[in-house]
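> Compute the structure for the input listed below.
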Amino acid sequence: MSQDGVEFVDDDVALLQTSATHNKTSSAQSDAQQAVPREEAEALGGVLGAPQLDMDLINSISEPLFHHDEPEFGSYLTEDQLHCLEGPFTLSELQHSMTRATPLSVLMYSQPYAGGVTCVSRGFTELLQEHDECFHSVTRWIKPGSPPERTLAGRPSGGLWAAALDRYDEEHHFAVGNSRRFVACWLCEEGSAMRNGEIWDLDCSLHPEAYIASSRGADIPNGFVSVVPAGDEVCYEGQTDYIEGVVANVRRTPMGRLFPQSMEFSTQNCQERGFDRVRDMLDECWPDARKFIRSAFEDIYMVNWIGRYSESINNYDSTELSDGRWTTMDWVSCSCDVGGAVRDRGMWQSMHGGDSIPYTDSYCSAMNFPDFQTL
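Numbers count the residues shown, from 1 in each chain. Now for the predicted structure:
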């Protein structure tokens, strides 16, 4: 999405999310080459200041953990198991993944996408909505005997969505209504009741500028900072206490090498530092941070960054430290925050946005991971 100079996409869905993305290539390496075609990459070599694809990093990117076909349709459940959404495969799988990259993730964070499976076959035999209020191309189903009050509350217009999104704004010191605009104007399908303003009275022309402005509001405790990790490919921005805390956590893992002690915690925002595009409104590891990138040569920067953090994880052998009980991927993933795709659905391990293999608090506590800084 691009409005008035503010660019917004999401790497959580752009490169790692869907079967359609992965099945067009035989591996994550060729996926990177698909993002930037070989002839384009070679041509960029003659452009002054153009970054280069780092194949050593790209070769560290893992393939998706599980095989996925591309059927004609699929379905997924809400977290409370009361609703089933079904629609055309490519579209509904992407919508499922995108939903879990927004504050609405709390309503379906652990639910995987089931390709080729209808809602009726899962016991949801009563059609609630022929056209979902957010995803116009998707149908919404319920089970016979479902409690009517809770079932109706779970519709986009039923109150649960608005309450969850408003609570997210309040907890993050954002202007209330900010997350509603994010969901209605970015997530919901064009032509839907939500996007058309039939449910919430919102002006989508103000998105995403309003969301970014609210995340930098003057009433945010201790303000905000930005950090640029090794490689200079991306910039993270968030509330000061939060960014300082998550950087301290990641430094206790091998991925911490990408956030050296010399890294600056700047009071400049990421756009002021030259990163003009919002790649993630909710980062997959640090969900209360926003990840920015440069729009010029964006695909190269993004693929190199994915390769860089993958290399820091996959090329560190922790077998002796773990005695075979856990891997470096487990170590790093458990350092990420609950609420993000890495913890809530194990995305860096599955390498697919439709899967769910979450890292639970019980597991992460039980493994007793070491502090990388003291090794």
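
> which secondary structure element contains residue 238?
strand 234-239 (DSSP states H and E).

> Give me the contact list for that strand.
With Cβ atoms under 8 Å, 6 or more residues apart in numbering as the contact definition, strand 234-239 has outside contacts at 172-173, 215, 220-229, 243, 269-270, 273, 275, 279, 283, 286, 288-293, 301-302, 305. Yep, even glycine has a C-beta here, placed from its N, CA and C like the rest.

> Buried subset of those residues as a PyMOL selection?
Applying 16 or more other Cβ atoms under 10 Å to the contacts of strand 234-239, the buried members can be selected in PyMOL as follows:
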select buried, resi 172+215+220+224+225+226+227+228+229+243+269+270+273+275+279+283+286+288+289+290+291+292+293+301+302+305
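
> What segments of the stretch 151-300 of the chain are strands?
Per DSSP state E, counting those that start in this stretch, the stretch 151-300 of the chain carries strands over the ranges 224-227, 234-239, 277-280, 290-293.

> Can you show me the CA trace of stretch 342-357 as CSV?
Below are the C-alpha coordinates for stretch 342-357, written out as CSV (Å, rounded to 0.1, in the frame of the first residue of the first chain):
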residue,chain,number,x,y,z
VAL,A,342,7.7,-16.6,15.4
ARG,A,343,6.5,-17.5,18.9
ASP,A,344,2.7,-17.8,18.2
ARG,A,345,3.0,-20.1,15.2
GLY,A,346,6.7,-21.0,14.8
MET,A,347,7.0,-19.2,11.5
TRP,A,348,10.8,-19.1,11.2
GLN,A,349,10.8,-22.9,11.7
SER,A,350,7.9,-23.7,9.4
MET,A,351,8.8,-21.0,6.9
HIS,A,352,5.1,-20.8,5.9
GLY,A,353,2.4,-18.4,7.1
GLY,A,354,-0.4,-21.0,7.0
ASP,A,355,1.2,-23.4,9.4
SER,A,356,1.1,-23.4,13.2
ILE,A,357,3.7,-25.0,15.4
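
> quick one: buried residues of that stretch?
342-356.

> farthest pair in those?
Maximum pairwise distance in these, criterion Cβ to Cβ, is 16.8 Å, between 343 and 354.

> tally of neighbours for the spatially closest residue to residue 249 that is not a sequence neighbour?
Distances taken as Cβ to Cβ, 6 or more residues apart in numbering put residue 335 closest to residue 249, at 4.7 Å, once the chain neighbours are dropped. If you count neighbours by other Cβ atoms under 10 Å, residue 335 ends up with 25.

> residues contacting residue 335?
249, 250, 252, 253, 255, 369.

> and which of those residues is nearest residue 113?
Among those, and counting by Cβ to Cβ, the member closest to residue 113 is residue 255, at 27.3 Å.

> residues in contact with the closest one?
Contacts of residue 255 by Cβ under 8 Å, 6+ apart are 309, 312, 313, 332, 335.

> ditto for residue 164
103, 104, 106, 107.

> Can you lay out these as CSV showing pLDDT and neighbour count?
Listed next are the contacts of residue 164 as CSV, based on pLDDT from 0 to 100; neighbours: other Cβ atoms under 10 Å:
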residue, pLDDT, neighbour count
103, 95, 27
104, 95, 23
106, 93, 16
107, 95, 19
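
> Identify those among those residues that sit within strands.
Judged by DSSP state E, strands contain none of the contacts of residue 164.

> List just the nearest of those to residue 210.
After measuring these against residue 210 - Cβ to Cβ - the closest member comes out as residue 103, at 14.6 Å.
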